[in-house]
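Asks: what's the 3D shape of this:
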Amino acid sequence: MTLLGDYDDGNIFAKVLRGEAPCAKVYEDADILAFMDLFPQGRGHTLVIGKTPARNLMDVEPEALATLMKGVQKIAKGIVLALKPDGIVLTQFNGAPAGQTVFHLHVHLIPRWEGVPLAGHGGAGMADPVELAAVAKEIASSIR
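Replies: Here you go, the predicted model:
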């Protein structure tokens, strides 16, 4: 049952999972993929998606959600080890009115440093792909 719409396997994250669209990959295993946000709110802004198709939090099976959240924790720890932020923001949007722009369940991990403002969600310009790849590599090297 879907509560906020049907899953569209043509969404950009589904294309990334199939290798039809590029990403600056941070981590991948059998269940999740983590990659850099193309429109980051700050340095190190990482997206974590499950490989199980789900539009949002209400549509995902509890077991797949638990697996996704284990992955989120693993990636967050890697971000903290690599980038040494003062904190980390975890956000997850459900439905367009809530701010969701890609309708594949995903979690944003955004490192925060004291006194450094964030760009708005979806409001930042597209990041330099070379910089994204460098930060992805830095984070990837710290994931345990």
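
Asks: going forward, measure contacts and count neighbours with C-alpha atoms only.
Replies: Will do.

Asks: got the contact list for the residue nearest to residue 79 when sequence neighbours are not counted?
Replies: Spatial nearest neighbour of residue 79, excluding adjacent residues (C-alpha to C-alpha, 6 or more residues apart in numbering): residue 139 at 5.4 Å. Contact analysis of residue 139 by C-alpha atoms under 8 Å, 6 or more residues apart in numbering lists 26, 44, 78-79, 81-83.

Asks: Among those residues, which lie within helices?
Replies: 78-79, 81-83 (DSSP state H).

Asks: Disregarding residues adjacent in the polypeptide, which is nearest to the residue nearest the centre of the chain?
Replies: What sits nearest the mean C-alpha location of the chain, by C-alpha atoms, centre = their mean, is residue 47, with 1.0 Å. Distances taken as C-alpha to C-alpha, 6+ apart place residue 108 nearest to residue 47, at 4.8 Å, with adjacent residues excluded.

Asks: Got the phi and psi for residue 4?
Replies: Residue 4 adopts backbone torsions of phi -120, psi 30, taken as degrees, to the nearest 10.

Asks: again, but for residue 106
Replies: As for residue 106, its main-chain torsions (degrees, to the nearest 10) stand at phi -150, psi 160.

Asks: do the same with residue 68
Replies: The phi/psi pair for residue 68 (degrees, to the nearest 10) reads phi -60, psi -50.

Asks: residues contacting it?
Replies: The contact partners of residue 68, by C-alpha under 8 Å, 6+ apart, come to 31-32, 48-50.

Asks: redo that, cut-off 10 Å
Replies: Contacts of residue 68 were listed using C-alpha atoms under 10 Å, 6 or more residues apart in numbering, and they are 31-33, 48-52, 60, 62, 74, 105-107.

Asks: And residue 88, by the same measure?
Replies: By C-alpha under 10 Å, 6+ apart, residue 88 lies in contact with 45, 76-77, 79-80, 108-113.

Asks: pretty sure it belongs to a strand, no?
Replies: Yes - looking at residue 88 with DSSP: H, G, I helix; E, B strand; the rest coil, it is inside a strand.
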